[in-house]
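# My questions are about this predicted structure, shown below with the sequence.
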Amino acid sequence: MVIYAASVQLCLDAYVWVADPLPRVLDRFISAYVDADDPGDERFAAFRRVYLLGAVSDADVRALDELRPESGGGGFSLYLRGRDHSQAIITITDEGAAVLGLSVQASGDLAVTLRQAEELIDHLLEDFSCVAGLAGVELPPPQSRSEWDDDGLVLLRVGAPSVESSTPA
């Protein structure tokens with residue numbers, strides 16, 4: 001018997017918690033990290049209209065509802081093509097906060113992967129004036145505070161989300 005196995009490239013996912021996702025913060029993330037010309041998900045346009053422009057339509061609400069889990073949670077995640085990263089991920093949590101994330105190919109070496117995670121988190125924390133970040137390999141974006149607090153797949157955690165606005169006025 002011959003077994004063929006291709007090497008599987010795992011992704012390192014790093015996220016920051018944005019307690020008050022103001023349109024300018026989301027727009028800055030999109031401008032810096034999302035391939036807006038080819039975002040990879042047609043619901044991106046609906047997201048922009050609802051969360052950046054405040055132009056809510058029934059069609060846009062339905063489009064974003066497609067992203068919500070069937071279990072009925074209020075959070076959703078939008079996986080987009082990144083400019084310089086494999087993916088840029090925008091999550092709106094059950095609580096109305098945002099979780100902004102980037103995915104890159106993970107190194108096969110755990111120490112190198114942890115350094116990558118730390119660098120990504122530090123960069124995002126500074127870029128968006130956040131106080132909490134986390135990272136892991138193939139880590140789904142937390143769609144609620146309780147998911148954020150779950151250590152199951154987390155390799156690195158920095159700070160804790162505040163319940164107050166984490167973005168400067």
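Received the coordinates, thanks. Numbering: from 1, shown residues only.
# Quick one: low-confidence residue ranges for the protein.
The model of the chain has pLDDT under 70 over residues 1-8, 163-169.
# Tell me the buried residues in the longest helix anywhere in the chain?
The helix that spans the most residues within the chain, counting by DSSP state H, is helix 110-127. With burial defined by 16 or more other C-beta atoms under 10 Å, the residues of helix 110-127 counted as buried are 113, 116-118, 120-121, 124-125. The way it works is simple: take the backbone N, C-alpha and C, and place the C-beta from them, glycine included.
# and which of those is nearest G152?
Minimum separation from G152 among these (C-beta to C-beta) is found for A117, which lies at 15.6 Å.
# My read is that that closest one contacts H123, right?
No: applying C-beta atoms under 8 Å, one finds A117 not in contact with H123, separated by 10.9 Å.
# just checking, what packs against the longest helix of the chain?
Under the contact definition 3 or more C-beta pairs under 8 Å, 6 or more residues apart in numbering; DSSP states H and E, helix 110-127 sits against strand 11-18, strand 98-105, strand 133-137, strand 156-158.
# Using CSV, list the CA coordinates for the first one.
As requested, C-alpha coordinates have been extracted for strand 11-18 and formatted as CSV (Å, rounded to 0.1, in the frame of the first residue of the first chain):
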residue,chain,number,x,y,z
CYS,A,11,-1.9,28.9,9.8
LEU,A,12,-1.0,31.0,12.8
ASP,A,13,-3.9,33.3,13.7
ALA,A,14,-3.4,36.4,15.9
TYR,A,15,-6.2,38.5,17.2
VAL,A,16,-6.8,41.7,19.2
TRP,A,17,-10.0,42.7,21.0
VAL,A,18,-11.5,46.1,20.1
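# Could you list the buried residues of the helix or strand just after it?
Per DSSP states H and E, the first helix or strand lying C-terminal to strand 11-18 is helix 23-33. By 16+ other C-beta under 10 Å, the buried positions in helix 23-33 come out as 25-26, 29-30, 33.
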